[in-house]
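>>> next one to model:
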Amino acid sequence: MRKIYLGVLALYMGILASHAQTKQQPVKDTSNYQARKLTVDEVNFVSGYYHQNGNNSAVTGGIGTENLTDFANTLDLQLSKLTKNGHKNTYLFELGVDHYTSASSDKIDPYSISSASRQDTRIYPSLNWTNSNEKTGNSFGFTGSYSHEFDYQSFGAGFNLTRISANKNTQFDFKATAFLDTWTVILPVELRPAGYGSGSGKDDRPVDSKPRNSFSTAFSLSQVINPRLQALLIVEPSYQHGLLATEYQRDYFTDGSEKIESLPGSRYKLPIGVRFNYFLDDHFIIRTFYRYYMDSWGIRAHTAEVEVPVKFTSFVSVSPFYRYNNQVGTRYFAPYGQHNPTDQYYTSDYDLSTMHSNFIGANIRLSPPNGVFGIQRLSSLELRYGHYVRSTGLNSDIVTLALKFK
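Here you go, the predicted model:
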């Protein structure tokens, strides 16, 4: 992992150095049109560490450790080029690398020294191209993405569209994405048919692969109500089809039997959210958010969040935040050993259960005019910490560092 991390930083330094050399070279203008070259707008690096604990692992039927750690890093590079007709082509390349260790996943085969999913690294690059009109603000673009982990791979494609009113007070955004995934079907060791493999790279025995396709759209409408108040409405319908159950998760029944998790092969989701930002004065902003969620599995959820950025100076701000979520779980959920043997669908995954949760933390942002720590190109630094507590007993902590170079 250290080699990957250093490689990403080396890539960034190489990009930054080449950009600096390009800017020093004069551009010859032989006509009324000024040559426009591809330039680097900004580089963002985000690194996060996540750790959780709990005792309701779905891998072992709703009981057992949920201990998990994840170290995630993303680097995105934004370049742009102006065209003769006043349009701007923006290219956003993002590379993500996550590495996790999971004690619960190791229970897929508790008799081995370490199962294939005890730890893994996920790599997910993506590229977006957007064409925007500098005068009107209207734009459209396309995205392609890929993700790979030991038991799945995913290909993604997307389209984005933005339309802004003539007075710049109203903005409409539309996004459509599709992800075509292929899962390697890993099964609990005691429920594998004879000759069925473990999915490990060292195991030559065959394993099944099944598709899971996801299609989503997002409609948002933002409005400047007055100089102090802005509002945003978001509707994000989506549909999934294929292998939606996690088949290495066990379920236990009232008659003492055991099976792999079974869930419907399709799922509709409909989140609807509203956000209000109120600019109290030059030092305080009140950001509020509410979202209602429903899906075809019977889950209903309400989420409310408030964040209050406090600007101490023109380049130092602190933003405490709090989020509350209340969820009614799916009709397919039951705790360990409480499923009916005649049920068609069943899960003991507490992510799908009835619960409520609290998430609290703060964000610190530095953006001095001469650069953070005197580094001119390091335009901002953000450090964010959050603590999450769920009524099921799960708790987690996450620390995120974000650096922006311009």
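>>> contacts and neighbour counts: CA atoms only from here.
Fine.
>>> so residue 351: helix, strand or coil?
Of the three states, residue 351 takes helix under DSSP: H, G, I helix; E, B strand; the rest coil.
>>> what's the closest non-adjacent residue to residue 332?
Closest residue to residue 332 apart from its sequence neighbours, by Cα to Cα, 6 or more residues apart in numbering: residue 346 at 4.8 Å.
>>> how close does residue 372 sit to residue 406?
Distance, residue 372 to residue 406, using Cα to Cα, to the nearest Å: 12 Å.
>>> okay, the two: which has more neighbours?
residue 372 (19 against 15; other Cα atoms under 10 Å).
>>> my guess is that one contacts residue 366. True?
Yes. Using Cα atoms under 8 Å, residue 372 is in contact with residue 366, at 6.9 Å.
>>> find residues that contact each of the two.
Here residue 372 and residue 366 share the contacting residues 380-381, scored by Cα atoms under 8 Å, 6 or more residues apart in numbering.
>>> what sits up against stretch 164-176?
Applying Cα under 8 Å, 6+ apart, the contact partners of stretch 164-176 are 136-138, 158-163, 215-225.
>>> returning to what we had before: which residues are in contact with each of residue 372 and residue 406?
378-379.
>>> export the helix or strand hosting residue 288 as PDB, just CAs?
Assigned by DSSP states H and E, residue 288 falls within strand 285-295. What follows is strand 285-295, C-alpha atoms only, in PDB (Å, rounded to 0.1, in the frame of the first residue of the first chain):
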ATOM      1  CA  ILE A 285     -23.700  30.200   7.400                       C
ATOM      2  CA  ILE A 286     -26.500  27.800   8.400                       C
ATOM      3  CA  ARG A 287     -26.800  24.700   6.100                       C
ATOM      4  CA  THR A 288     -29.700  22.400   6.600                       C
ATOM      5  CA  PHE A 289     -30.600  19.200   4.800                       C
ATOM      6  CA  TYR A 290     -33.500  16.800   4.900                       C
ATOM      7  CA  ARG A 291     -34.000  13.500   2.900                       C
ATOM      8  CA  TYR A 292     -36.800  11.000   2.600                       C
ATOM      9  CA  TYR A 293     -35.900   7.600   1.300                       C
ATOM     10  CA  MET A 294     -38.100   4.700   0.100                       C
ATOM     11  CA  ASP A 295     -37.500   1.500  -1.900                       C
END
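>>> report the distance from it to the chain centre.
The chain centre lies 17 Å from the centre of strand 285-295; the measure is Cα atoms, centre = their mean, to the nearest Å.
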